[in-house]
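>>> Compute the structure for the input listed below.
(chains A and B)
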Amino acid sequence: DAKTTQPPSMDCAEGRAANLPCNHSTISGNEYVYWYRQIHSQGPQYIIHGLKNNETNEMASLIITEDRKSSTLILPHATLRDTAVYYCIPTMDSNYQLIWGAGTKLIIKP
Amino acid sequence: DTGVSQDPRHKITKRGQNVTFRCDPISEHNRLYWYRQTLGQGPEFLTYFQNEAQLEKSRLLSDRFSAERPKGSFSTLEIQRTEQGDSAMYLCASSLMETGELFFGEGSRLTVL
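Okay, here's the model as predicted:
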């Protein structure tokens, strides 16, 4: 199973881009990287996922390094509602059993 | 609302009592997952169903825990003889087959006194 390393906490100013890093140096070639977030007292929410190429959707962009050992989730214009814990999760196997770490607590400041 | 719903949202019980949580997944989703989450930690996988079949159970799921999904729709998670260590948020999620995009409910918070 791929291990991940994320900073425990980060701050970002409202309206600025929030860049959340994740190291997953042991990820295997067929493992996707999924990102979720969890706002306080709510269930986790899927954000985005990728394999090799950079991905973008209405919520965020995902940048994966060429060697796939790390990735960065980008929230282009952070708002106060983006304050949450963000989890970077490589899939475990073909059954997509997600293994969750402690994540990064992102605080958006006005 | 067509999302995943869980009931009850909060449950306070005394040690030794049995509790049951219910999860109603998104209707067309084949897979249903149960996770447990304690304060400051990420969710821990407990078990999952593909339709009505329980395909995998974590070692965290002791014999006091049982989960069912009798008709491949809603699921129940029962904890017998609750212990204080069972206090946690119990999360249910559903998905279409073979995707890591899970849709979570709001969770059921259990407090064992």
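>>> Check what pLDDT residue 78 gets.
Just going to use chain A. If you check A:Ala78, the pLDDT there is 96.
>>> My question was about chain B, not that one.
Residue-level confidence at B:Glu78 comes out at 97, pLDDT.
>>> Where does it sit: helix, strand or coil?
Under DSSP: H, G, I helix; E, B strand; the rest coil, the three-state class of B:Glu78 is strand.
>>> Check which residues of the helix or strand bottoming out on mean pLDDT in chain B are buried.
Least confident helix or strand, chain B: strand B:53-57 with a mean of 89, by mean pLDDT, DSSP states H and E. Under the neighbour-count criterion of 16 or more other Cβ atoms under 10 Å in any protein chain shown, strand B:53-57 has B:Gln54 buried. All C-beta spots, glycine's among them, are computed from the backbone N, C-alpha and C.
>>> And the next helix or strand past it?
Using DSSP states H and E, the helix or strand that follows strand B:53-57 in sequence is strand B:65-68.
>>> Now do that next one: which elements does it pack against?
Helices and strands in packing contact with strand B:65-68 are listed as strand B:44-50, strand B:75-79; criterion 3 or more Cβ pairs under 8 Å, 6 or more residues apart in numbering or on different chains; DSSP states H and E.
>>> go again using 6 Å as the cut-off
strand B:75-79 (3 or more Cβ pairs under 6 Å, 6 or more residues apart in numbering or on different chains; DSSP states H and E).
>>> in the sheet, who's paired with B:Phe104?
According to DSSP bridges, the partner residues bridging B:Phe104 are B:Ala93.
>>> contacting residues around it?
A:Gly43, A:Pro44, B:Leu91, B:Ala93 (Cβ atoms under 6 Å, 6 or more residues apart in numbering or on different chains).
>>> could those residues go into TSV alongside secondary structure, distance to B:Ser5 and neighbour count?
Formatted as TSV, the contacts of B:Phe104 follow (DSSP: H, G, I helix; E, B strand; the rest coil; distance: Cβ to Cβ, whole Å; neighbours: other Cβ atoms under 10 Å in any protein chain shown):
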residue	secondary structure	distance to B:Ser5	neighbour count
A:Gly43	coil	11	23
A:Pro44	coil	16	27
B:Leu91	strand	12	26
B:Ala93	strand	12	27
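>>> with the residues you listed in mind, which one is nearest to A:Thr4?
A:Pro44 (15.1 Å; Cβ to Cβ).
>>> From A:Leu106, how far out is that closest one?
When Cβ to Cβ, to the nearest Å is applied, the distance between A:Pro44 and A:Leu106 equals 14 Å.
>>> host element of the nearest residue to A:Thr72 once chain neighbours are set aside?
Ranked by Cβ to Cβ, 6 or more residues apart in numbering or on different chains and with sequence neighbours excluded, the top spatial neighbour of A:Thr72 is A:Ile63, at 4.6 Å. Following DSSP H and E, the helix or strand that holds A:Ile63 is strand A:61-64.
>>> Quick check: bridge partners of the residue nearest the centre of chain B?
Nearest to the geometric centre of chain B sits B:Trp34, at 3.4 Å (Cα atoms, centre = their mean). When assigned by DSSP bridges, B:Trp34 has beta-bridge partners B:Thr47, B:Cys92.
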